[in-house]
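[1] Can you look at this prediction? I've put the sequence above it.
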Amino acid sequence: MTQPADGILASDADRDAAAEALADAVAAGRLSLTDHSGRLDALFAARTRDQVLALTADLPSLPVRRSGLYRAVDAHRCVVVGGSAQRTGRFGIGRFCAVTVAFGRLDLDLRAAVPSQREITLTIRGVAARIAITVPAGWGLASQVLVLGAGGTVADRDAGPGDPLLRLRGTCAGGSLTVTRA
């Protein structure tokens, strides 16, 4: 069989890597959902590796701190199993967001996050996990997390008029939860 005239055919692994890069770009606020959708359509229509690579050529390279058996991050969930993930920069966060980390690490920096509502609830489930959450100075904080391991949190703070309120709930067993105010 001969190589196509316009380049090497794209593999499923090429498409998977590009789809992950596009998802990360949406999570980081670099692509809108409309642009993401259009690029995904073009990705699955692409025949060659060059066509696939062109869809992510204008995006920055993936951060070094990415690993894991499973990782899913969006406005309503952050899931890390057996590795690490970092969520920082401008991104949307839903009214309810589930944070699940097993045998891994998650750094969640909310300083530039855009809350969908004034009150955000993070439900934390951690097993042998290191979870670090950075809360903006102006946000209110109410923490009701049972930590069976090491935990360092800042004091609860009532939200002022118009300030977002972050509610932390859940359990972290056999690891650590660190909440800092920036």
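    Structure received. Numbers count the residues shown, from 1 in each chain.

[2] quick one: strands adjacent to the strand or helix carrying residue 134?
    With elements taken from DSSP states H and E, the one containing residue 134 is strand 130-135. Neighbouring strands of strand 130-135 in its sheet, by DSSP bridges, are strand 105-109 (parallel), strand 165-181 (parallel).

[3] now the longest one, how far from the chain's geometric center?
    This points to strand 165-181. Between the centre of strand 165-181 and the centre of its chain there are 16 Å (Cα atoms, centre = their mean, to the nearest Å).

[4] just checking, next helix/strand downstream of the strand holding residue 134?
    From strand 130-135, the next helix or strand downstream (DSSP H and E) is strand 140-152.

[5] Other residues contacting that next one?
    124, 135, 153-160, 163-181 (Cβ atoms under 8 Å, 6 or more residues apart in numbering). Quick note: C-beta positions are derived from backbone N, CA and C, even for glycine.

[6] what comes up buried for that strand?
    Of the residues in strand 140-152, 140-141, 143, 145, 147, 151 count as buried by neighbour count, 16 or more other Cβ atoms under 10 Å.

[7] just these now: which is nearest residue 46?
    Nearest to residue 46 out of the buried residues of strand 140-152 is residue 145 (Cβ to Cβ; 44.1 Å).

[8] Which residue ranges make up each domain of this protein?
    Domain assignment for the chain by automatic domain parsing gives 1-62, 64-182.

[9] Over the longest one, what's the mean pLDDT, rounded is fine.
    Domain 64-182 shows a mean pLDDT of 86 in the predicted model.
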